[in-house]
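> the following comprises the amino acid sequence and a computationally predicted model.
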Amino acid sequence: MKPILCYGDSLTWGYSPRDGSRFPPDQRWPGILQDELGDRARVIEEALNSRTVATDDPIRPNRDGLAMLPPLLEAHAPLNIVIFMLGTNDCAPRYRLAAGEIAFGCVGLIRAVKASLTGPDESPPKIVLVSPPRLGVLNPELALFYGGGEEVSHQLAHAYRIIAQSFDCLFFDAAEVVEASKTDGVHLDPPEQRKLALALTDIVEPML
């Protein structure tokens, strides 16, 4: 079985927009991806609520995705494919980041994977860069954190596509198939988790 690392935030962790609980594995997109790929792959969830691309959060430490990535790559090696879906949290106005700056943070993620040599025979794993779903209509609680970041979230796909093309990675825009829950405007309901998993299955299968 070929290992696939899914590196993400609460959308990959399976955060329920209704009550903040965690969806069971068979309702989270990595778990559904595993079911679809069967014994052709071993899907590894490496997800953390509030994780950013490359920005530290003084309120919730250890959320900087770039800082945490190298030891996690080594811990889960060998890896055939790494799927990144980060950037939603970086859209929050508190970080004061434009879409291009968030995308350039993804360059650090890509370079870390290519430098890690944690793929088969010490080759770099293949990379899929996923731009996250756009922020929707935010509920009052999440509007306190994400309010004002909606425009940035809408610009991520264009910026991520440029980075993926420049660094020879596969790109996928999650907003092409899913949308944020109407309950909180950020996270994915179970049907959307499934749609995302099926779309990524179509991308990953030819890579195995």
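Cool, got the structure.
> make it CA atoms for all contacts and neighbour counts henceforth
OK.
> so which residue is dead centre in the protein?
Centrality entry for the chain: nearest residue to the mean C-alpha point is M85, 1.5 Å, by Cα atoms, centre = their mean.
> ranges for the helices of this structure?
10-13, 29-37, 65-76, 99-116, 140-146, 150-166, 190-204 (DSSP state H).
> where does pLDDT dip in the chain?
Judged against pLDDT under 70, the chain has no low-scoring part.
> which residue of it sits farthest from its center?
D121 (25.8 Å).
> state the distance from that one to D184.
44 Å (Cα to Cα, to the nearest Å).
> distance between the ends of stretch 55-65?
7 Å.
> centre of the chain to it, how far?
Relative to its chain's centre, stretch 55-65 lies at 16 Å (Cα atoms, centre = their mean, to the nearest Å).
> same question for stretch 190-208.
The answer for stretch 190-208 is 13 Å, by Cα atoms, centre = their mean.
> buried stuff in it?
Buried positions in stretch 190-208, judged by neighbour count with 16 or more other Cα atoms under 10 Å: 190, 192-201, 204.
> would CSV of these with distance to A180 be doable?
Below are the buried residues of stretch 190-208 laid out as CSV (distance: Cα to Cα, whole Å):
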residue, distance to A180
P190, 11
E192, 8
Q193, 10
R194, 13
K195, 12
L196, 12
A197, 15
L198, 17
A199, 16
L200, 17
T201, 20
V204, 23
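> now for those residues, which pair is the farthest apart?
P190 and V204 (20.7 Å; Cα to Cα).
> quick one: the residue farthest from the centre of the chain from I83, how far?
20 Å.
> go on, D173?
Taking Cα to Cα, one finds D173 at 12 Å from I83.
> give me the common contacts of those two.
V130 (Cα atoms under 8 Å, 6 or more residues apart in numbering).
> residues near P93, how many?
Around P93 there are 17 other residues, counting by other Cα atoms under 10 Å.
> so for it, what's the nearest residue that isn't a sequence neighbour?
Residue nearest to P93 in three dimensions, not counting chain neighbours: G149, with 5.7 Å by Cα to Cα, 6 or more residues apart in numbering.
> which ones are touching that neighbour?
By Cα under 8 Å, 6+ apart, the contact set of G149 is 91-93, 135.
> redo the residues you listed as JSON lines? Include distance to T55.
Compiled in JSON lines, these are given as follows (distance: Cα to Cα, whole Å):
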{"residue": "C91", "distance to T55": "11"}
{"residue": "A92", "distance to T55": "11"}
{"residue": "P93", "distance to T55": "13"}
{"residue": "L135", "distance to T55": "19"}
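> quick check, nearest of the residues you listed to L37?
Nearest to L37 among the contacts of G149, with distances taken as Cα to Cα, is L135, at 29.1 Å.
> that'll do, ta.
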